[in-house]
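K.L.:
the following comprises the amino acid sequence and a computationally predicted model.
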Amino acid sequence: MGLLSEGNPLSWKETRTLAEHVRQHGIEQFINLYNKLRDRTGDVLKWGDEASALQPRPHQCFPAMMIKVEYIIVKFDDENQRATVSLKSEELLPILQEKENTDPKSMCKINLS
């Protein structure tokens, strides 16, 4: 999210009236993106990494990205049908980045079809 340069921020009271709408649409957006991307592999994982619309990224495999993505590490408890945010990102991130660190060029081989 960038600096608000146009318009005015909402008051807390105004924000609260929109909370359910934002929550519902956020859930729908997450489900739609999950269904679309659940089989995607080979992405470079970054904690809090963001790729904004058409932002040049010359150090990456793709010169421009048209999506905005943020990653969260989630712990799933299937037995109790519960998901919680993992607080072990500092431990897990080096493991997730191991392939990128050992062979960065292999991370550019992503099938987007």
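P.N.:
Arrived safely. Residues are numbered from 1 along each chain as shown.

K.L.:
could I get the average pLDDT for the biggest helix by length in the chain?
P.N.:
Ranked by residue count under DSSP state H, the longest helix found in the chain is helix 12-37. Computed over helix 12-37, the mean pLDDT rounds to 89.

K.L.:
what do you get for stretch 86-103?
P.N.:
Average pLDDT, stretch 86-103: 78.

K.L.:
quick one, helices of the chain?
P.N.:
Under DSSP H, the chain gives helices at 12-37, 89-96, 98-102.

K.L.:
Asp78 is nearest to which of these?
P.N.:
Smallest distance to Asp78 across these (Cβ to Cβ): 16.3 Å, for helix 12-37. C-beta coordinates here come from the backbone N, C-alpha and C atoms, glycine included.

K.L.:
mean neighbour count and distance to Lys75 added to the helices of the chain, as TSV?
P.N.:
As requested, the helices of the chain are exported to TSV (neighbours: other Cβ atoms under 10 Å; distance: least, Cβ to Cβ, whole Å):
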stretch	mean neighbour count	distance to Lys75
helix 12-37	10	16
helix 89-96	12	10
helix 98-102	11	20
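
K.L.:
tabulate these (TSV), appending distance to Ala83.
P.N.:
Shown next, in TSV, are these (distance: least, Cβ to Cβ, whole Å):
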stretch	distance to Ala83
helix 12-37	11
helix 89-96	15
helix 98-102	25
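
K.L.:
send me stretch 26-37 as CSV with only the CA atoms.
P.N.:
Presented in CSV, the C-alpha positions along stretch 26-37 are these (Å, rounded to 0.1, in the frame of the first residue of the first chain):
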residue,chain,number,x,y,z
GLY,A,26,-11.1,-10.3,1.1
ILE,A,27,-12.2,-13.9,1.7
GLU,A,28,-13.7,-14.2,-1.8
GLN,A,29,-10.5,-12.8,-3.3
PHE,A,30,-8.3,-15.2,-1.3
ILE,A,31,-10.4,-18.2,-2.4
ASN,A,32,-10.4,-17.2,-6.0
LEU,A,33,-6.6,-16.6,-6.1
TYR,A,34,-6.0,-19.9,-4.2
ASN,A,35,-8.1,-21.8,-6.7
LYS,A,36,-6.3,-20.2,-9.6
LEU,A,37,-2.8,-20.6,-8.2
